[in-house]
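Enquirer: I need the structure of the sequence given here:
(one chain, ligands or ions: 2)
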Amino acid sequence: MSVHISAKKGDIAPTVLLPGDPLRAQYIAEHFLEGAQQHNTVRGMLGFTGTYQGQRVSVQGTGMGIPSAMIYISELIEFYGCQTLIRVGSCGSYQPQVKIRDLVLAQAACTDSNINNLRFGPANFAPIADFDLLLRAYRAAQESGFTAHVGNILSSDTFYTDDPAEYQRWARFGVLAVEMEAAGLYTLAAKHGVRALGVMTVSDHLVTKEETTAEERQTSFGQMVEVALAAALAAD
Ligand SMILES: O=P(O)(O)O[C@H]1O[C@H](CO)[C@@H](O)[C@H]1O
Ligand SMILES: O=c1cc[nH]c(=O)[nH]1
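Expert: Ligands and ions are numbered 1, 2, ... in the order given. Model (predicted):
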């Protein structure tokens, strides 16, 4: 086992879906995977491995925020040898055309986190998605008739901000939406030479103030998982 995951080497598939919420990991295992076995309960950060259309897939909760997510992602890559990591999360829309329940495929992820300032000093590193995964996810969404927006997002260190209009600075530069982990995922994928993508569902809207209900989130959430699985397995 690694420090935060109790699975044995080999128990986790090379392809892993990464929801922030560990109970979403359980939901995905129960509704999308066949023969899913729980591989982690340490700190309640549930992880499961099963098959999807005959191919092994794992799903591992990451917790909220870049620091928590980077712990799990580091261990998945360095200890378990995972090669394809796809975040499946919720996000808040910054743009009127990115509507509630739409999908956002994060081509790149800005961040207000200090992770890359620590590495690169005054220069900036641009965390980006794996192009192949991104293309396959977009095509999968199109083929299924799901509305998916491709572009830049913000991975923020804060969920609650002092200034509710702060998002407009990012929105003016075309940033589509905010979440809290993708920049950490993309940075670690670049460091280790593995593939990563963030597929998000818009759960709330900073412009219109709309929010999804729990039931709605479950329905659109299914689209996000379908797209992530199609992209991951088509690329294998
Ligand atoms: O729905 P998840 O995957 O947790 O993602 C989003 O939701 C959490 C905030 O509520 C943050 O983790 C953010 O990135
Ligand atoms: O991080 C997040 C996730 C969903 N919605 C937000 O506004 N922020």
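Enquirer: distance of the residue of the chain found nearest ligand 1 relative to residue 8?
Expert: In the chain, the residue that lies nearest ligand 1 is residue 20 (2.2 Å; Cβ to the nearest ligand atom). C-beta here means a position set from N, CA and C on the backbone, and glycine is covered the same way. Going from residue 20 to residue 8 by Cβ to Cβ, to the nearest Å gives 25 Å.
Enquirer: neighbour count winner among those two?
Expert: Legend: neighbour count by other Cβ atoms under 10 Å for residue 20 and residue 8, higher for residue 20 (20 against 10).
Enquirer: residue contacts, that one?
Expert: 61, 62, 63, 64, 69, 87, 89, 90, 180, 181 (Cβ atoms under 8 Å, 6 or more residues apart in numbering).
Enquirer: now with 10 Å, please.
Expert: 61-65, 68-69, 87-90, 179-181 (Cβ atoms under 10 Å, 6 or more residues apart in numbering).
Enquirer: include secondary structure and distance to ligand 1 when you put those into TSV, please.
Expert: Shown next, in TSV, are those (DSSP: H, G, I helix; E, B strand; the rest coil; distance: Cβ to the nearest ligand atom, whole Å):
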residue	secondary structure	distance to ligand 1
61	coil	9
62	coil	7
63	coil	7
64	coil	4
65	coil	6
68	helix	8
69	helix	8
87	strand	7
88	strand	7
89	strand	3
90	strand	3
179	strand	4
180	coil	3
181	coil	5
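Enquirer: just those residues that are near ligand 2?
Expert: Among these, the residues within reach of ligand 2 (Cβ under 6 Å from any ligand atom) are 90, 179, 180.
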